[in-house]
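Participant: just a sequence and a predicted model for now, questions to come.
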Amino acid sequence: MTNKKLIYITGPTGIGKTELSIKIAKKLKTEIISCDSRQFFKELKIGTSPPSRKQLDTIKHHFIHNKSIHDDYNVGKFEKDAINLINSLFLNYDNLILVGGSGLYADSILYGIDKFPSIPIDIKKMINKKYIENGIEYLQEKLKKLDPEYYDKVDKNNSRRLIRALEVIETSGKSFTSFRKADNKERTFSNEVIILNCERQILYSKIDKRVDIMIKNGLENEVYLLKEFKYLNTLNTVGYKEFINYFENKISYEEAIEKIKQNTRNYAKRQITWNKKYSDAKKIDMSKNVTDNINKILQK
C-alpha cells in the first residue's frame, strides 16, 4: 500500500483546520479521520468545537462523538482503532485526511507510540482529585521526584501530560521514561504534514471570537450538567475546568470567560511549539489565498 497517502492537517486551535480539511477532502473525494482527543466525547458538544452537523453531512468523518466521557479511552486504544480503520479505508481510497490539534494522537497514527500499561479508574480519579485540590504545582513536584528525566523534557504547564506520566508511574511502579522508546512503527502508507498558520494577533482574535460563540451557544449550561464528573480527566479541558471553578465560587463569571480565552491562547502556543518538529511539513498561511495553496498541494 505504499502508494497510499495520509494527509495530516494541523495547526493551532481556532485557525480553521476543520473547514480547510473538508475542502481538500471534497477535492480528493475521500474521508476524514479526526485526531482531536476531546471531540471523541459525545457529551462535549460545544466546548470542543466539533464539526457542525452540516459539515459532518458534507464529508464522512470518523472519531467524532464516538465515545462517552465515562469510557476508558486513551491514545493507545485510539492508535489501534484508527490504524485498523485507516487500513480498511485505503482499500477504497488512495488518499485520506487526518485532522486535529492533539499532537500525541496524531503522532500515534503517523509513527506509532510506546506501549503503556492500562490505568485503573481509581488511580485516574485519585491523581485528578489531587490536581484539583492542590493545583499543577503538585503534579510538577511529584513528577520531578519520581521521574526527573521526563520532568526535564515535558511541558511543565501541560497538566494532561503530567497527569498521564503520574498515572503510568503509579500503576506500574516504574518511571514513565522507561516506557518511552525512539523506534517508529512501520506504516503501510506515506504521510504528508500540512501546518496552518497566521499572524499571532489574528489567531488570538479568532480564538476570542470562537469562545464568545461557545458562550452564546450554551457552554455554561453544558458544563453545569457535567460538573459532578469533574474528577474525570476528560473534564480537565479548557472551557470546562474554568466554568467548574466558577460554579464552585472560586472565580467570578467574568474571570471564567477571560481564563477560557487566555488558556485557549496558551494551548495554541503549545500546539505551535509541538508542530515545529515536523521539519518537512508544508505550511499554509491562512491569511492569504488559501485556494491557491490548496491547489498547489493537490498538484503535488
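Facilitator: Now that the structure is in, tell me what you want to look at. Since the model is a prediction, treat every value here as computed from it, not as a measurement.

Participant: the helices in the stretch 1-150 of the chain, which residues?
Facilitator: 17-28, 53-58, 75-89, 103-110, 121-134, 136-146, 148-153 (DSSP state H, counting those that start in this stretch).

Participant: what's the angle from the longest one to helix 103-110?
Facilitator: Which is helix 75-89. Relative orientation of helix 75-89 and helix 103-110, computed by axes from the mean of the first three to the mean of the last three Cα atoms, to 10 degrees: 40 degrees.

Participant: the residue nearest to residue 269 when sequence neighbours are not counted: neighbour count?
Facilitator: In space, and not counting its chain neighbours, residue 269 is closest to residue 12: 7.6 Å by Cβ to Cβ, 6 or more residues apart in numbering. (Each C-beta comes from the backbone N, C-alpha and C, glycine too.) By other Cβ atoms under 10 Å, 27 other residues sit near residue 12.

Participant: can you offset everything so residue one is 3?
Facilitator: Yes, from this point I'll number from 3; that puts the last item at residue 14.

Participant: separation between residue 14 and residue 96?
Facilitator: Going from residue 14 to residue 96 by Cβ to Cβ, to the nearest Å gives 29 Å.

Participant: and the helix or strand of the chain with the lowest mean pLDDT, what's buried?
Facilitator: Here the helix or strand of the chain ranked lowest by mean pLDDT, DSSP states H and E is helix 292-301, holding a mean of 73. Judged by neighbour count using 16 or more other Cβ atoms under 10 Å, the buried positions of helix 292-301 are 292, 295, 296, 299.

Participant: ok, which pair from the residues you listed is furthest apart?
Facilitator: 292 and 299 (10.4 Å; Cβ to Cβ).

Participant: how close does the residue nearest to residue 271 get to residue 203?
Facilitator: Distance from residue 14 to residue 203, by Cβ to Cβ: 13 Å.

Participant: now residue 68
Facilitator: From residue 68 to residue 203 the distance is 36 Å (Cβ to Cβ).

Participant: who's more crowded, those two?
Facilitator: A count of neighbours by other Cβ under 10 Å puts residue 68 above the other of residue 68 and residue 203, at 15 against 8.

Participant: let me see the contact set for the spatially closest residue to the more buried one that is not a sequence neighbour.
Facilitator: Among residues not flanking residue 68 along the chain, residue 42 sits closest, at 6.0 Å (Cβ to Cβ, 6+ apart). Residues counted as contacts of residue 42 (Cβ atoms under 8 Å, 6 or more residues apart in numbering) are 36, 65, 66, 67, 68, 69, 75, 80.

Participant: let's go with 6 Å and repeat that
Facilitator: The contact partners of residue 42, by Cβ atoms under 6 Å, 6 or more residues apart in numbering, come to 65, 68, 69.

Participant: what's the answer for residue 144, then?
Facilitator: residue 168.

Participant: before we move on, what about residue 46?
Facilitator: residue 40.

Participant: look up how far residue 143 lies from it.
Facilitator: From residue 46 over to residue 143 (counting by Cβ to Cβ), the distance is 30 Å.

Participant: how much space between residue 246 and residue 230?
Facilitator: 10 Å.

Participant: what's the answer for residue 121, then?
Facilitator: Taken as Cβ to Cβ, the span from residue 121 to residue 230 is 21 Å.

Participant: who's more crowded, these two?
Facilitator: Just comparing residue 121 and residue 230: by other Cβ under 10 Å the higher neighbour count belongs to residue 121, 20 against 10.

Participant: mind pulling up the pLDDT for that one?
Facilitator: For residue 121, the pLDDT comes out at 87.

Participant: any idea which helix or strand carries the nearest residue to it once chain neighbours are set aside?
Facilitator: In space, and not counting its chain neighbours, residue 121 is closest to residue 169: 4.6 Å by Cβ to Cβ, 6+ apart. Secondary structure assignment for residue 169, by DSSP states H and E: helix 161-174.

Participant: what is the mean pLDDT for that helix?
Facilitator: According to the model, helix 161-174 has a mean pLDDT of 91.

Participant: please apply the same query to stretch 253-265.
Facilitator: Average pLDDT, stretch 253-265: 98.

Participant: if we can go back for a sec, next, the angle from the helix holding residue 169 to helix 123-136.
Facilitator: Using the same axes, to 10 degrees: helix 161-174 against helix 123-136 is 130 degrees.

Participant: now the residue nearest the centre of the chain: phi and psi?
Facilitator: For the chain, the residue nearest the mean C-alpha position is residue 104 (2.6 Å; Cα atoms, centre = their mean). The phi/psi pair for residue 104 (degrees, to the nearest 10) reads phi -90, psi 90.

Participant: that concludes my questions; thank you for your assistance.
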